[in-house]
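Trainee: fold the following.
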Amino acid sequence: MCGVARRFESEPEVIDEYELPYPQYHCPQCGRDLPLNEARLTITCAEHQKPDNVEFTVRQAVPRDRAAIEEICDRALGEVEIDVFGRTFDVLKGINLIADVDGALGGLLSLAVDKGELVTVLLSVYPEHQGSGVGSALLRAAVEYAAERELPIIRVAVSNDDIPLLYFYQRHGFSIFDIAVGALVDETGTVVAGFSGIPSRDEIRLRRPVGR
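Mentor: Next up is the predicted model:
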């Protein structure tokens with residue numbers, strides 16, 4: 001593993017209050033919508049997982065979906081330009097797969113072709129549809145897209161704090177191949193508290209072969 005490490009003269013400052021304008025998760029116990037740093041993990045057996053109860057279709061985005069794509073990007077990250085793998089990707093210029101729930105956008109998987117491989121730029125599912133198979137269906141569609149175009153690998157970059165996404169991708173056949181240590185620490189040495197208050201410092205890079 002050959003991650004790129006950044007050196008700091010002192011321990012980076014952690015910003016505990018990273019305010020995104022919209023909730024990122026939904027509590028299945030009390031129904032409360034949760035900001036990123038207040039979400040927690042709960043370990044359950046498979047029998048207690050939320051059943052699939054959302055009817056949706058997955059399709060490639062068309063021009064009329066632009067406003068809905070901008071909105072889900074705003075809710076997820078506050079912007080449409082995303083920095084991963086050492087470069088900036090514009091979601092609005094990407095290959096966008098969406099989950100259509102009763103005519104509304106329920107989830108987005110934004111893709112780009114980079115160095116002969118398919119990159120997952122952003123996966124975002126609205127809190128009310130999480131745990132209903134939307135993310136898995138979008139990822140299956142991405143694998144099909146790559147296979148049809150003979151792209152051998154799908155890559156994704158996840159911040160070290162994002163335990164739910166690390167779980168999700170590894171459950172779907174991805175494995176870690178690189179860690180860019182310190183890549184998410186900004187130039188002033190500031191670290192943002194991410195999921196469950198975990199400092200978001202490193203970019204964890206995963207990949208899977210398309211044929212798997």
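Trainee: what about the longest helix along the chain, average pLDDT?
Mentor: Within the chain, and with DSSP state H defining each element, the longest helix by residue count is helix 134-148. Model confidence over helix 134-148 averages 97 on the pLDDT scale.
Trainee: pretty sure H129 is in contact with D102, am I right?
Mentor: No - between H129 and D102 there is no contact under Cβ atoms under 8 Å: 11.0 Å. To be clear about C-beta, it is placed using only N, CA and C from the backbone, and glycine gets the same treatment.
Trainee: neighbour-wise, which of those two wins?
Mentor: Remark: of H129 and D102, H129 carries more neighbours, 19 against 9, as counted by other Cβ atoms under 10 Å.
Trainee: return the distance of the longest helix of the chain from the chain's centre.
Mentor: 14 Å (Cα atoms, centre = their mean, to the nearest Å).
Trainee: list the buried residues for that helix?
Mentor: When burial is assessed from 16 or more other Cβ atoms under 10 Å, helix 134-148 yields the following buried residues: 134-135, 137-139, 141-143, 145-146.
Trainee: redo those as a markdown table? Include distance to V80.
Mentor: Formatted as a markdown table, the entries for these read as follows, by distance: Cβ to Cβ, whole Å:
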| residue | distance to V80 |
| --- | --- |
| V134 | 20 |
| G135 | 20 |
| A137 | 23 |
| L138 | 18 |
| L139 | 21 |
| A141 | 21 |
| A142 | 19 |
| V143 | 24 |
| Y145 | 20 |
| A146 | 23 |
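Trainee: tell me the one of these nearest V192?
Mentor: Checking the buried residues of helix 134-148 against V192 by Cβ to Cβ gives G135 as the nearest, at 23.2 Å.
Trainee: which ones are touching the residue lying closest to the closest one once chain neighbours are set aside?
Mentor: Nearest non-adjacent residue to G135, counting by Cβ to Cβ, 6 or more residues apart in numbering: V125, 5.2 Å away. For V125, the contacting residues are 99, 106-108, 134-135, 138, taking Cβ atoms under 8 Å, 6 or more residues apart in numbering as the criterion.
Trainee: beta partners for V125?
Mentor: Taking DSSP bridges, one obtains G107 as the residues bridged to V125.
Trainee: could you pull out the helices in this protein for me?
Mentor: Counting by DSSP H, the helices of the chain are 66-76, 134-148, 163-171.
Trainee: so which of those helices comes closest to R207?
Mentor: R207 lies closest to helix 163-171 among the helices of the chain, at 9.4 Å (Cβ to Cβ).
Trainee: ok, residues contacting the longest helix of the chain?
Mentor: For helix 134-148, the external contacting residues (Cβ under 8 Å, 6+ apart) are 54, 56, 58, 95, 97-99, 101, 106-109, 111, 118, 120, 123, 125, 152-154, 168, 172, 210-211.
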